[in-house]
Structures are given as C-alpha cells and as structure tokens.
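A.B. asks: Give me a 3D structure for the following:
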Amino acid sequence: MTEKPANPKISSLTVGPLEVNTFLIADPTTGDAIIIDPGDEPDRILDMIREVGAVLRHIVCTHAHFDHVGAVPELREETGATIIIHRDESEIYEAASDMAAFWGYEIDPLPPPDILVGEGDEIKAGGLRFSVMHTPGHSPGGICLYGHGVVITGDTLFAGSVGRTDFHGGDINKLKASFRRLMELPGETKVLPGHGPTSTIGQEKRENFFIHEL
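C.D. replies: Here you go, the predicted structure:
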C-alpha cells in the first residue's frame, strides 16, 4: 500500500467571475493529484497542473452549480481524469448549463460523471486519502473532503459564513446539520472553502455567525 504523504502539495487558483477557489492537491512523491471545483478558466488550471508536475487522476465537484463545474469538460478532455460527484447531485449536475444560462453565463455541456460517491466513501490518488462527508444544505449532494489535516468545504462553509440555501434543492435545516458536523472536526483542521479566504475549524467555532443560528 502506498504510504500517505505527510504534506500533500496544495495549490489553488481563484477563477471565473464568481471567484471560485479551485484546489489542486498532489502527492509530492508520485505526482498523482485531484482537482476540486474547477469552475472556469481551464487554461489557467491546466497551466497550474503542469507547473506542479502533477498527474491528474480525479476531478471532484463539491457540488454542481455552474460556477464550480465550468472547466470540467476541458479538463476531462485534456487529462482523462475521472469525474466524481455525489449521487444526490446528479440532477443539479445535468442542469448546470441551463442554470448558467439563467444567470447570464455560458458553459459547455458536461460529460457524464464517472463515479457517484456517498457518505464515508474515500477518494484516493497516490498516497492521498480523502473521506467524503455528505453535507447537504446548499445543494442536495454537496460534499466536503476531509483528510491530511484539511477539509475542502465547497459552498457549505466559508470563513465567517455559510452557503446560501435559496437555490433549487437548498435546505436550511440540512445546512445546519452539515455545519454541526463540520464543527465537530479537530479545531486545527484547515478549512479550504469554495469562495473567499481559508480558515480553521477552531476559528469558525469562535467567529462564524452561523453558530448563533443553530
């Protein structure tokens, strides 16, 4: 079995008009990597992958709103990486192009996902091991990825805030339950959100306004 890398290499870009955080996480030993939420600007993302010297194995979408999936077609075509979403996000994924058009944006049709994950599944690449946490609320199949001392939270949790719940499939009560789960992670866990600056679980326990909404 491949040993877990002590310090996975994490690179990021902020892409698109809605300023989505795209994270590239690579095993520094093997180069195997996953990309999370490639929302736009595929050329910049591909350049980042090349600069790191990574071999992209998986394209993971924490959820399928158009601003988080816009570069999926190009990355799939260029790298052959598998596309991973939560099984409850299939409807949102299939409607991403229509949602983009409704908001005045355009994205190419998305290729079908290769892997539908659920709670407790593990996403692996080289020595990378991330557990899937199903965290609905912002969207039905929203997920967070937890491992190696970090949690990638998509639009479930931001620094000081949380995702909105007024889109199709949003649910404030489910978001509250998902937020509570995240707050149970170790305080030193680094939070890599879908928008805005990074944080830690400890900082969010102290400062996130949503604590007072529970």
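A.B. asks: Quick check: T189 vs G147, distance?
C.D. replies: Distance, T189 to G147, using Cβ to Cβ, to the nearest Å: 10 Å. All C-beta atoms are positioned from the backbone trio N, CA, C, and that covers glycine.
A.B. asks: wait, T198 sits on V191?
C.D. replies: Yes - between T198 and V191 there is a contact under Cβ atoms under 8 Å: 6.1 Å.
A.B. asks: any shared contact partners between these two?
C.D. replies: Taking Cβ atoms under 8 Å, 6 or more residues apart in numbering as the criterion, T198 and V191 both touch A159.
A.B. asks: which of these two has more neighbours?
C.D. replies: V191 (23 against 14; other Cβ atoms under 10 Å).
A.B. asks: Name the helix or strand for the more buried one, please.
C.D. replies: strand 190-193 (DSSP states H and E).
A.B. asks: now do Y93
C.D. replies: helix 90-94.
A.B. asks: Determine the three-state secondary structure at the residue nearest the centre of the chain.
C.D. replies: By Cα atoms, centre = their mean, the chain has its centre lying nearest to T62, at 3.5 Å. Under DSSP: H, G, I helix; E, B strand; the rest coil, T62 falls in the coil class.
A.B. asks: wait, it sits on G141?
C.D. replies: No - the pair T62 / G141 is not scored as a contact, 9.2 Å apart, by Cβ under 8 Å.
A.B. asks: which stretches of this protein form helices?
C.D. replies: Here the chain has its helices, by DSSP state H, at 42-52, 66-69, 72-79, 90-94, 96-102, 172-183, 201-207.
A.B. asks: where among those helices is the average confidence lowest?
C.D. replies: Ranked by mean pLDDT, those bottom out at helix 96-102, which scores a mean of 90.
A.B. asks: Now do that helix: which elements does it pack against?
C.D. replies: helix 66-69 (3 or more Cβ pairs under 8 Å, 6 or more residues apart in numbering; DSSP states H and E).
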